[in-house]
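Asks: Predicted model and sequence follow; I will ask about them next.
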Amino acid sequence: MILLLASLGVALFYFSWVFKMVADWIHQYPLVKKLPGPKGLPVIGSVMDVIGDTTVPLLFFLDEAKKARARGEQTLTVNIIGRIMTLPLNGAMVKAIVESNDLMAKGKDYDFLSAWVGVDSILITSAEIWKDSRKRLTPMFHYTMLEGYMDTFNKHAHHMVEVLKKERLKGPVDMRNILKGSSLDIIVDTTMGCNFSFLTNPDHPYIHAVDTFTNYVQRHSMEPQMWINWIWFLFYHRECHNALNEMHKLTDEVLKGRANAVKTGDIDLDVKRKPLIDQFLVLEQQGKMSMKLVHFDINGVILGGHDTTSATLTWIFWSLACLPEMQQRCFEEIELIFGGDRDRDCTPEDLKELEYTDRFIKESMRMFAPAPLVQRGLQKDFQLGEAILPRGSDIFMNVFVIHHNEEVYPDNWQFDPDRFLPEEVAKRHPYDYIPFSAGIRNCLGQKFAMQEIKVIVATALRKFSFSTDRDLLDQGFATEVVLKPTNGCNLTVTPR
Ligand code: HEM
């Protein structure tokens, strides 16, 4: 009897799932037919063009975007076995998306991310809960709070220099590992007030878990066999589940430890500058936030803040090493600002004086958009330019595609920091440059990230020069939540 009921339940589940798919398709098909983009094969659409390793989809989207722009189109729609995704192709289209109150829900790939950060995390959650989360978190990124994080940025930047001094003696240094460890140390220190020294512990299971999980996020988005439950459970679930457990374990342990320390009086919540976790615990004590939400928001900030920053820094150091003359110019600017002092901490005033280095960082973030996959899910039909996008489909703001628009950035594969001179910036739509997304749900941590990045660059460049004999574009681009270089980032590090 139990078996019969269970079978009926499963059958009903699949029936309603198939019914919804068919109903969505009947609604979407006439609209999708009119949308510009590659039609691909019947039913399966363009799936064969995006299957492969995690470098394949980006090249496909870049190529199709180029063709679509040449035809004078402003959007590009792709069908991956019935999953419809529309890409905006310029800043004006991006504006229509990111400033619309009707487009607050995230796309389907975020469902997968929710296994890590929780459905109610600020990164993922829908409009109603999101407003409260945003209100709660915004003061924590106010500039007065950011100044309080400077000591932490400086401490970890100096630590990175010490590690580089030793690592360079062994030969070229894998800067991805160094920058990943350092960014993770910074975000864990600022959010949870503790130090696991990931930098000197590159084999820490948490680091591997994040890598494994983020690789699955991208693969799940593009490999339809993973959408079939039994295949997922048979072949992939275990590895992904273990990674998730590892990631949750760390936050759980710290959160419990911290909450206990508050109860026993070992941590004083009344101090002015405190890590995010303590700011949340104050709200929890005041009954304004549940412990579950504290967990979600901490994970959301860690996810939003570490892989993105380490990917950005990796591409910046890669660019510095490949472009020695520009690196020299950055170094000379930094030397001047610091009066030749190669040991002192960076101050917020120092960072404000960086002009050329600031442009160099921005150009690196244009060329190698560190967080290229921003999505919105359509809960009702939406008019974007001349196109009507059907409900149930996704908008896919591929930041890399926006940043490589040859109509806005001539010679777009040419690295040129002067694209960020004020007079050049004034010539383009503000949303033609969106490394931190834009509009209502833009990145809350962008000032935090820019400050951290500048402290790391200014501290490292005062001590070392970085070089490689490879070319800037001798790289593959894997989109695994963040943009990763597939040909490594092993650089020769030479003391000054
Ligand atoms: C260079 C580094 C970073 C990049 C490129 C980046 C990029 C982004 C992007 C593209 C989004 C929008 C995501 C979407 O709409 O799907 C976002 C959202 C967010 N980011 Fe960042 N981010 C960076 C660093 C940080 C840091 C350091 C923090 C926190 C310390 C942070 C916290 C957040 C949060 C909380 C959101 C969600 C905002 C909302 O939905 O209201 N980010 N980030």
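Replies: Thanks, I have the structure now. Numbers count the residues shown, from 1 in each chain.

Asks: show me what contacts residue 322?
Replies: 468, 470-472 (CB atoms under 8 Å, 6 or more residues apart in numbering). C-betas here are computed from N, CA, C, even on glycine.

Asks: Now pLDDT, neighbour count and secondary structure too, for those, in a markdown table please.
Replies: Rendered in a markdown table, the data for the contacts of residue 322 read as follows (pLDDT from 0 to 100; neighbours: other CB atoms under 10 Å; DSSP: H, G, I helix; E, B strand; the rest coil):
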| residue | pLDDT | neighbour count | secondary structure |
| --- | --- | --- | --- |
| 468 | 97 | 20 | coil |
| 470 | 95 | 16 | coil |
| 471 | 96 | 9 | coil |
| 472 | 96 | 17 | coil |
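
Asks: tell me the SS of the nearest residue to residue 138 once chain neighbours are set aside?
Replies: Here the nearest residue to residue 138 in space, its sequence neighbours aside, is residue 444; by CB to CB, 6 or more residues apart in numbering that works out to 6.7 Å. For residue 444, the assignment made with DSSP: H, G, I helix; E, B strand; the rest coil gives coil.

Asks: Tell me how far residue 444 lies from the ligand.
Replies: Computed as CB to the nearest ligand atom, to the nearest Å, the residue 444 to the ligand distance reads 4 Å.

Asks: got it, and residue 205?
Replies: Taking CB to the nearest ligand atom as the measure, residue 205 and the ligand are separated by 23 Å.

Asks: Excluding residues flanking it in the chain, which one is nearest that residue?
Replies: Of all residues not flanking residue 205 in the chain, residue 246 sits nearest, at 5.0 Å (CB to CB, 6+ apart).

Asks: for residue 195, same thing?
Replies: Once its chain neighbours are removed from consideration, residue 195 has its nearest residue in residue 189; the separation is 5.6 Å (CB to CB, 6+ apart).

Asks: tally of neighbours for that neighbour?
Replies: Other residues within reach of residue 189 by the criterion other CB atoms under 10 Å amount to 19.

Asks: Quick check: it vs residue 372, distance?
Replies: Using CB to CB, to the nearest Å, one obtains 27 Å as the distance from residue 189 to residue 372.

Asks: Repeat that for residue 460.
Replies: Applying CB to CB, the value for residue 460 to residue 372 is 25 Å.

Asks: now the helix or strand where the residue nearest to residue 205 lies: mean pLDDT?
Replies: Here residue 246, judged by DSSP states H and E, is contained in helix 237-263. Rounded to a whole number, the mean pLDDT of helix 237-263 is 85.

Asks: Now do that helix: which elements does it pack against?
Replies: Contact partners of helix 237-263 among helices and strands, from 3 or more CB pairs under 8 Å, 6 or more residues apart in numbering; DSSP states H and E: helix 109-117, helix 175-192, helix 205-222, helix 276-285, helix 291-322.

Asks: buried sites along it?
Replies: By neighbour count on 16 or more other CB atoms under 10 Å, the buried set for helix 237-263 is 240, 243-244, 246-248, 250-251, 254-255, 258-259, 262.

Asks: before we move on, what about stretch 475-485?
Replies: In stretch 475-485, counting by 16+ other CB under 10 Å, buried: 475, 477-485.

Asks: quick one: is that stretch near the ligand?
Replies: No. Contact between stretch 475-485 and the ligand, assessed by CB under 6 Å from any ligand atom, is absent, since the two come no nearer than 7.7 Å.

Asks: how about the residues of the protein near the ligand?
Replies: Remark: the part of the chain in contact with the ligand comprises 122-123, 134, 300-301, 304-305, 308-309, 312, 370-371, 374, 435-437, 441, 443-445, 448-449, using CB under 6 Å from any ligand atom.

Asks: Now do the strands for the protein: every range, in order, please.
Replies: For the chain, the strands defined by DSSP state E occupy 75-80, 83-88, 173-174, 373-377, 382-384, 387-389, 394-398, 464-467, 477-480, 482-485, 490-495.

Asks: Turn these into CSV, including mean pLDDT.
Replies: What follows is the strands of the chain, written out as CSV (pLDDT from 0 to 100):
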stretch, mean pLDDT
strand 75-80, 92
strand 83-88, 92
strand 173-174, 96
strand 373-377, 89
strand 382-384, 92
strand 387-389, 90
strand 394-398, 94
strand 464-467, 97
strand 477-480, 85
strand 482-485, 92
strand 490-495, 97
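
Asks: Between the ones you listed, which one is closest to residue 183.
Replies: strand 482-485 (10.8 Å; CB to CB).

Asks: Now do the contacts for residue 479.
Replies: With contact taken as CB under 8 Å, 6+ apart, residue 479 is in contact with 54-55, 57-58, 218, 372-373, 400.

Asks: give me that answer again for 7 Å
Replies: Remark: with contacts taken as CB atoms under 7 Å, 6 or more residues apart in numbering, residue 479 is in contact with 54, 57-58, 218, 372-373.

Asks: With residue 85 instead?
Replies: 78, 393-394, 396.

Asks: can you give me the helices for the stretch 1-150 of the chain?
Replies: Counting by DSSP state H, counting those that start in this stretch, one finds helices in the stretch 1-150 of the chain at the ranges 2-34, 47-50, 56-70, 91-98, 109-117, 127-137, 143-167.

Asks: could you dump the ones you listed to JSON lines with mean neighbour count and mean pLDDT?
Replies: Written out in JSON lines, the entries for these read as follows (neighbours: other CB atoms under 10 Å; pLDDT from 0 to 100):
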{"stretch": "helix 2-34", "mean neighbour count": "11", "mean pLDDT": "71"}
{"stretch": "helix 47-50", "mean neighbour count": "18", "mean pLDDT": "81"}
{"stretch": "helix 56-70", "mean neighbour count": "18", "mean pLDDT": "92"}
{"stretch": "helix 91-98", "mean neighbour count": "20", "mean pLDDT": "96"}
{"stretch": "helix 109-117", "mean neighbour count": "19", "mean pLDDT": "74"}
{"stretch": "helix 127-137", "mean neighbour count": "15", "mean pLDDT": "83"}
{"stretch": "helix 143-167", "mean neighbour count": "17", "mean pLDDT": "93"}
